[in-house]
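Enquirer: Sharing a model prediction with you, sequence too.
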Amino acid sequence: LTASATRCARRFDIALATLERNIALEVKFGSCEFGTHENRITKLCEVAAKNDKTQALDLTDSGLTDGALQRLVAALAMGGLPALRTLDLRSNGALGAASDTILHGLRRLRPQLEILIDGKATLRDGDASDTFACDRELIEGLTAWALADLAVREGSNDMRCPVCSEHELKQGLITSGGNQYRCLDGCGSHYLHSIGTASLTLIGLRRKPPT
């Protein structure tokens, strides 16, 4: 290993140990280089699942890729780092359009979370524009829409399908996790309204939206 790689590995080990101790309110993984070390994001996600104290996570200039970020967001969406209030992702030039979609879904699932990214001061609840499916990439389990934006008319509980934007959704199974909906008359996509949230999450994409 080069001296630079050795220092990078040392920074990661120290930050991971700090996160694992579950005491620090802020943990810094800045410049730890996740993009070329897949095992690091795996370890971070594993420890994040057991931490309930950390409120700020610094991942600036850490070589994050869309794939690495998706794995982290999945861990957060499943309840990792429940106390987290600030996620700093600035100076990660490899993040692309897929990450915008991933973070949009995370903001719907974790509305209290402030996300710092390049080009925008913050992403807070309501900051990200709620465009429909034809305007952005779709990721099952992460892409979400505000319920209010799907209402067929003001004050209505009926919702239009955000994928095809042509047909109303029909309610399906009612589970312990929430109510399921499907676009039976149109594209057939499947959604979940989780209990206690004001958003609808895509859980099954049946066809791509029209271009």
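Expert: All right, it came through fine. Numbering: from 1, shown residues only.

Enquirer: Now do the contacts for the residue positioned nearest the centre of the chain.
Expert: Nearest residue to the geometric centre of the chain (Cα atoms, centre = their mean): residue 106, 2.8 Å. If you count contacts by Cβ atoms under 8 Å, 6 or more residues apart in numbering, residue 106 has them with 73, 76, 77, 113, 115, 142. From N, CA and C alone the C-beta is placed, and that goes for glycine too.

Enquirer: Which ones among those map onto strands?
Expert: residue 115 (DSSP state E).

Enquirer: Using JSON lines, lay out the contacts of residue 106 together with pLDDT, neighbour count and distance to residue 174.
Expert: Conversion of those to JSON lines gives the following (pLDDT from 0 to 100; neighbours: other Cβ atoms under 10 Å; distance: Cβ to Cβ, whole Å):
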{"residue": "73", "pLDDT": "90", "neighbour count": "23", "distance to residue 174": "27"}
{"residue": "76", "pLDDT": "90", "neighbour count": "20", "distance to residue 174": "26"}
{"residue": "77", "pLDDT": "84", "neighbour count": "17", "distance to residue 174": "21"}
{"residue": "113", "pLDDT": "91", "neighbour count": "19", "distance to residue 174": "28"}
{"residue": "115", "pLDDT": "92", "neighbour count": "20", "distance to residue 174": "32"}
{"residue": "142", "pLDDT": "72", "neighbour count": "23", "distance to residue 174": "22"}
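
Enquirer: I'd like to know which of the contacts of residue 106 is nearest to residue 41.
Expert: residue 73 (10.9 Å; Cβ to Cβ).

Enquirer: quick one: the closest one and residue 143 touch, right?
Expert: No - applying Cβ atoms under 8 Å as the test, residue 73 and residue 143 come out as separate, 11.5 Å apart.

Enquirer: any residues in contact with both of those two?
Expert: Joint contacts of residue 73 and residue 143 (Cβ under 8 Å, 6+ apart) are residue 105.

Enquirer: Find the least confident helix or strand in this protein, judged by mean pLDDT.
Expert: strand 120-123 (a mean of 50; mean pLDDT, DSSP states H and E).

Enquirer: okay, how far is it across stretch 55-62, tip to tip?
Expert: Counting by Cα to Cα, to the nearest Å, you get 19 Å between the two ends of stretch 55-62.

Enquirer: Any buried residues in that stretch, and which?
Expert: 56, 57, 58, 59, 60, 61, 62 (16 or more other Cβ atoms under 10 Å).

Enquirer: Residue 166: what's it in contact with?
Expert: By Cβ under 8 Å, 6+ apart, the contact set of residue 166 is 160, 186.

Enquirer: Regarding it, what is its secondary structure?
Expert: Following DSSP: H, G, I helix; E, B strand; the rest coil, the label given to residue 166 is coil.

Enquirer: Outside of the helix or strand where residue 174 lies itself, list whatever touches it.
Expert: Residue 174 belongs to strand 170-175 when assigned by DSSP states H and E. Outside of strand 170-175, the residues within contact range by Cβ under 8 Å, 6+ apart are 179, 180, 181, 182, 183, 184, 185, 190.
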